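K.L.:
Sequence first, predicted model second:
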Amino acid sequence: MGIYQRNLENYDETAIVDNNTTDHNCVNCHSFPNQQADKMVFHMRAAHKGTYLVKDGHAEHIDREGMPPLVYPYWHPSEKYIAFSSNKTSQSTFINHANRIEVFDKMSDIYVYDLQHHRVLKSPLTASASKFETFPTFSPDGKWLYFCSADAVDSLPENCKKVHYNLCRIGFDARNGKFGNKVETLYDAASEGKSVSFPRISPDGRLLVFTRHAFGTFSIWHHDADLWTLDLHTGKNFPLKAANSNDTESYHSWSRNSRWLAFSSRRGNGLYTRPYFTYIDRNGHAHKPFLLPQRHPAEYYRNLLYSYNIPELKRGKTPRVRF
């Protein structure tokens with residue numbers, strides 16, 4: 001397992017970090033500020049667990065005593081803050097179920113890490129015992145913190161189908177690190193018996209794409225999961241029909257010009273996630289997607305036994321991480 005980068009102008013692929021150097025642990029949850037290549041943050045589980053800030057290839061462990069575990073990062077456009085969620089995550093594997101794996105949270109809250117003062121900021125509105133809050137993302141202007149929120153449910157995983165996340169946001173003042181005093185619900189998925197995850201806003205600030213599925217938080221193993229968009233100017237939401245399939249669509253990220261979306265899908269065989277690209281026109285509609293090109297695509301994808309997850313579009317090559 002590792003975090004790799006592929007040059008989209010050719011077929012060059014290199015590792016940024018792989019778990020051959022970290023005792024074969026889980027390496028995930030990476031994020032680049034403003035799609036820059038020389039800075040990033042990522043999380044490791046198990047051996048050497050924690051959150052790491054990387055600058056020019058040098059990794060710094062930012063976890064400190066008393067801090068909650070920080071995952072699902074997203075940078076503030078000022079690069080002075082990183083939003084995280086802190087999750088108590090569990091996983092169940094099923095013998096006879098359409099969705100082979102169910103990943104669920106028994107607790108989750110939203111925090112913001114202040115990089116200048118090395119402190120964790122929180123609000124009772126984003127860290128409530130009565131709610132599950134997760135998947136934070138800042139707006140391109142830095143004035144809003146978007147996230148997913150569900151009413152807390154006991155007795156999990158038995159009651160997983162009762163967990164439904166809505167799309168919400170709260171104000172954020174980067175001058176003093178203060179949260180707003182009200183949470184707005186932008187899409188009440190629970191009222192439709194649905195759930196949302198992975199909100200990502202286009203750099204021009206107009207469109208927010210999220211994954212919509214029947215229930216729960218981790219849509220990557222839900223075959224019904226589709227990409228939807230919310231027009232932040234009109235408040236209307238609709239599916240990205242041309243990009244969706246009969247199988248799982250999940251992680252996604254925007255290009256700098258807000259016209260392209262990279263996303264992962266299991267449409268090939270229902271097992272392995274593959275990286276796709278779709279063009280988003282000025283009306284917010286997706287166009288026919290295509291797989292990440294390879295020199296010999298049929299042979300490559302037929303024999304590939306790895307999954308591509310958390311595709312992030314960035315500008316330039318990132319140095320290999322040194323610990």
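P.N.:
All right, it came through fine. Nothing here was measured: the structure is a model prediction, and the numbers come from that model.

K.L.:
For the stretch 51-200 of the chain, which segments are assigned as strands?
P.N.:
58-61, 71-75, 81-93, 101-114, 119-121, 131-138, 144-151, 166-173, 178-187, 195-201 (DSSP state E, counting those that start in this stretch).

K.L.:
Make CSV from these and add mean pLDDT to it.
P.N.:
Shown next, in CSV, are the strands of the stretch 51-200 of the chain (pLDDT from 0 to 100):
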stretch, mean pLDDT
strand 58-61, 91
strand 71-75, 95
strand 81-93, 93
strand 101-114, 94
strand 119-121, 94
strand 131-138, 97
strand 144-151, 98
strand 166-173, 98
strand 178-187, 97
strand 195-201, 98
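
K.L.:
For Tyr308, find the nearest of the ones you listed.
P.N.:
strand 195-201 (14.9 Å; CB to CB). From N, CA and C alone the C-beta is placed, and that goes for glycine too.

K.L.:
Kindly state the pLDDT recorded for the closest residue in space to Pro199 that isn't next to it in sequence?
P.N.:
Computed as CB to CB, 6 or more residues apart in numbering, the closest residue to Pro199 that is not its neighbour in sequence is Phe210, at 4.6 Å. For Phe210, the pLDDT comes out at 98.

K.L.:
strand partners of the helix or strand hosting Phe210, parallel vs antiparallel please.
P.N.:
Using DSSP states H and E, Phe210 maps to strand 207-213. Next to strand 207-213 in the sheet, as set by DSSP bridges, lie strand 195-201 (antiparallel), strand 226-231 (antiparallel).

K.L.:
what's the closest of those strands to Ser139?
P.N.:
strand 195-201 (5.8 Å).

K.L.:
The closest one vs strand 71-75, what angle?
P.N.:
30 degrees (axes from the mean of the first three to the mean of the last three CA atoms, to 10 degrees).

K.L.:
Dump the C-alpha coordinates for strand 195-201 into PDB.
P.N.:
Provided in PDB are the C-alpha atoms of strand 195-201 (Å, rounded to 0.1, in the frame of the first residue of the first chain):
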ATOM      1  CA  SER A 195     -26.800   9.400   3.100                       C
ATOM      2  CA  VAL A 196     -23.900  11.600   1.800                       C
ATOM      3  CA  SER A 197     -20.100  11.400   2.000                       C
ATOM      4  CA  PHE A 198     -16.900  12.900   0.500                       C
ATOM      5  CA  PRO A 199     -18.000  16.500  -0.300                       C
ATOM      6  CA  ARG A 200     -15.600  18.400  -2.600                       C
ATOM      7  CA  ILE A 201     -16.100  21.900  -3.900                       C
END
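
K.L.:
if we can go back for a sec, as JSON lines, the strands of the stretch 51-200 of the chain with distance to Thr21 would be great.
P.N.:
Converted to JSON lines, the strands of the stretch 51-200 of the chain look like this (distance: least, CB to CB, whole Å):
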{"stretch": "strand 58-61", "distance to Thr21": "11"}
{"stretch": "strand 71-75", "distance to Thr21": "21"}
{"stretch": "strand 81-93", "distance to Thr21": "24"}
{"stretch": "strand 101-114", "distance to Thr21": "25"}
{"stretch": "strand 119-121", "distance to Thr21": "28"}
{"stretch": "strand 131-138", "distance to Thr21": "28"}
{"stretch": "strand 144-151", "distance to Thr21": "33"}
{"stretch": "strand 166-173", "distance to Thr21": "36"}
{"stretch": "strand 178-187", "distance to Thr21": "38"}
{"stretch": "strand 195-201", "distance to Thr21": "28"}
